[in-house]
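A.B. asks: Model the following, please.
(one chain, ligands or ions: 1)
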Amino acid sequence: MNTSNYSVKTIEWQGDEVVMIDQRVLPLEEEYIHHTTWQEVGASIKTMVIRGAPAIGVATAMGMALAARQSTATSQDDLKRDLDEAAKGLFATRPTAYNLGWALEQQAKIYNESGDVDKIRVRLKVRSQEILDEDVAMCVAMGEHAAPLFPKGARILTHCNAGALATAGYGTALGVIRSVFKRDPTIHVFADETRPFLQGARLTAWELQQEGIPCTLITDNMSGYFFKKGEIDAVVVGSDRIAGNGDVANKIGTYMVSVLAKEHGVPFYVAAPTSTVDLSLTDGSQIPIEERDPAEVTHCGSRQIAPTGIGVRNPAFDVTPHQNIAAIITEMGVHSEPYTESLAAAKKGK
Ligand code: MRU
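C.D. replies: As a prediction, this is how the structure comes out:
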């Protein structure tokens with residue numbers, strides 16, 4: 001499907017190069033980075049040039065196609081050795097996003113099958129493009145499934161950026177908001193700024209503004225104020241990994257929002273493709289949580305805002321228990337408790 005109507009291109013093939021918009025410099029600058037090696041793709045995932053679980057999955061699949069191109073192997077065994085090494089390197093970039101490991105599995109299915117090495121190289125590139133296209137289609141489907149859940153004129157809170165920039169296009173949580181807005185232009189979005197990396201302030205606010213979707217930016221500690229005043233009707237967020245029981249890992253601060261939503265009787269929705277659902281984990285306590293550089297907390301951009309040498313923790317994600325979630329929306333539909341059953345069925349394609 002053509003994603004150009006929806007927003008900027010997050011990631012794409014240009015010939016044999018993987019091109020990504022540099023999300024670190026948005027919204028003030030629009031710069032694109034070209035990648036010709038898997039190591040460059042890995043560095044871009046690690047340093048957040050590209051971020052958001054589904055977008056990381058697409059980048060990983062493309063990185064594996066680049067790795068196959070870089071390899072001079074003429075036998076399948078040698079190609080497999082080189083690709084396994086690339087997979088290990090890419091896997092180590094960011095631990096929480098399940099789509100990363102999922103994309104590696106998709107590519108491993110191809111290079112572990114016997115076949116001609118040049119054909120394998122072609123198939124890895126084709127599969128990476130399919131993963132991109134499927135991601136957009138899944139986001140659009142999620143939007144269609146979720147849109148009827150929102151009342152007319154809904155005031156919707158979102159946290160972090162789960163938009164076109166976090167996916168191959170359209171977005172998960174912002175995809176839902178786009179679909180709701182198409183039906184009802186009277187909705188209003190509250191975007192949490194999302195300290196410390198400011199994905200909400202820099203990326204969500206920018207995406208919504210580009211499309212004329214009414215949006216108010218708030219700092220993370222303000223949402224309780226708006227819940228209490230009855231100014232939030234629904235919450236929708238994305239996810240980096242969902243355990244089999246419906247516990248959801250998402251950007252740090254999401255759990256806090258879910259607790260507020262529960263306290264105020266506001267429905268809390270999660271939108272994510274089934275490629276984010278990790279049925280190997282029975283609950284959210286098993287989800288690996290990335291801890292990032294303390295400098296993200298002690299600094300705002302390049303400006304230091306805390307005393308030198310202060311102790312810092314910087315977990316990038318937290319886990320929202322399934323009890324706080326009104327529904328999980330995947331490309332297969334709207335899922336509710338018991339999530340152990342509904343998510344398993346969604347993964348099977350039922
Ligand atoms: O650290 P990030 O920016 O990669 O974290 C992104 C999020 O937490 C998103 O909400 C999540 O990946 C869903 S994106 C569709």
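
A.B. asks: Quickly list the domain ranges of this protein.
C.D. replies: Domain ranges of the chain: 11-140, 142-349, per automatic domain parsing.

A.B. asks: now the shortest one, how far from the centre of its chain.
C.D. replies: Spelled out, it's domain 11-140. 15 Å (Cα atoms, centre = their mean, to the nearest Å).

A.B. asks: any idea of the mean pLDDT in that domain?
C.D. replies: Mean pLDDT, computed over domain 11-140, is 97.

A.B. asks: quick one: that domain near the ligand?
C.D. replies: Yes. Using Cβ under 6 Å from any ligand atom, domain 11-140 comes into contact with the ligand via 51-54. Every C-beta, even on glycine, is put in place using the N, C-alpha and C of the backbone.

A.B. asks: Among those residues, which lie within helices?
C.D. replies: Secondary structure from DSSP state H places 53-54 of these in helices.

A.B. asks: So which of the residues of domain 11-140 next to the ligand is the closest to residue 186?
C.D. replies: Distance to residue 186, by Cβ to Cβ, is smallest for residue 52 among those, at 27.8 Å.

A.B. asks: which residues touch the closest one?
C.D. replies: Counting by Cβ atoms under 8 Å, 6 or more residues apart in numbering, residue 52 makes contact with 161-163, 165-167, 238.

A.B. asks: Against residue 254, how distant is the residue in the stretch 101-250 of the chain that the ligand sits nearest to?
C.D. replies: Residue nearest to the ligand within the stretch 101-250 of the chain (Cβ to the nearest ligand atom): residue 238, separated by 2.7 Å. Using Cβ to Cβ, to the nearest Å, residue 238 is found at 9 Å from residue 254.

A.B. asks: These two - which one has more neighbours?
C.D. replies: Using other Cβ atoms under 10 Å, the more surrounded residue of residue 238 and residue 254 is residue 238, with 32 against 28.

A.B. asks: so who does the residue nearest to the more buried one when sequence neighbours are not counted touch?
C.D. replies: Take residue 238 and drop its neighbours on the chain: the residue closest to it by Cβ to Cβ, 6 or more residues apart in numbering is residue 162, 2.7 Å away. By Cβ under 8 Å, 6+ apart, the residues touching residue 162 are 52, 171-175, 237-239, 271.

A.B. asks: helix/strand/coil for residue 319?
C.D. replies: Here residue 319 is strand, with the state taken from DSSP: H, G, I helix; E, B strand; the rest coil.

A.B. asks: Let me fix that, I meant to ask about residue 23.
C.D. replies: Going by three-state DSSP, the secondary structure assigned to residue 23 is coil.

A.B. asks: these two touch, right, it and residue 49?
C.D. replies: Yes. Between residue 23 and residue 49 there is a contact at 6.2 Å, judged by Cβ atoms under 8 Å.

A.B. asks: Leaving out the residues flanking it, which one is nearest to the residue of the stretch 1-150 of the chain found nearest the ligand?
C.D. replies: Relative to the ligand, the nearest point of the stretch 1-150 of the chain is residue 51 (3.3 Å; Cβ to the nearest ligand atom). Closest residue to residue 51 apart from its sequence neighbours, by Cβ to Cβ, 6+ apart: residue 23 at 6.0 Å.

A.B. asks: Report the separation between the one you found and residue 166.
C.D. replies: Taking Cβ to Cβ, one finds residue 23 at 9 Å from residue 166.

A.B. asks: hey, what's in contact with both of those two?
C.D. replies: In contact with both residue 23 and residue 166: 51, 203, using Cβ under 8 Å, 6+ apart.

A.B. asks: So between those two, which is more surrounded?
C.D. replies: More neighbours surround residue 166 than the other of residue 23 and residue 166, with 31 against 23 (other Cβ under 10 Å).

A.B. asks: Need phi/psi at the more buried one.
C.D. replies: Dihedral pair for residue 166: phi -90, psi 0, per degrees, to the nearest 10.

A.B. asks: Quick check, it in contact with residue 51.
C.D. replies: Yes. The criterion here is Cβ under 8 Å, and residue 166 meets it with residue 51 at 6.7 Å.

A.B. asks: Quick check: neighbours shared by residue 238 and residue 254?
C.D. replies: Counting by Cβ under 8 Å, 6+ apart, the residues touching both residue 238 and residue 254 are residue 160.

A.B. asks: how many neighbours does residue 198 have?
C.D. replies: Residue 198, neighbours per other Cβ under 10 Å, totals 18.

A.B. asks: Tell me the confidence at it?
C.D. replies: 97.

A.B. asks: now do residue 8
C.D. replies: Looking at residue 8, the pLDDT reads 76.

A.B. asks: Surely residue 84 is in a strand?
C.D. replies: No. Counting by three-state DSSP, residue 84 is not part of a strand but helix.

A.B. asks: was I right about residue 312 contacting residue 299?
C.D. replies: No. Residue 312 is not in contact with residue 299 according to Cβ under 8 Å; the separation is 10.4 Å.

A.B. asks: Can you work out which residues contact both of these two?
C.D. replies: Counting by Cβ under 8 Å, 6+ apart, the residues touching both residue 312 and residue 299 are residue 306.
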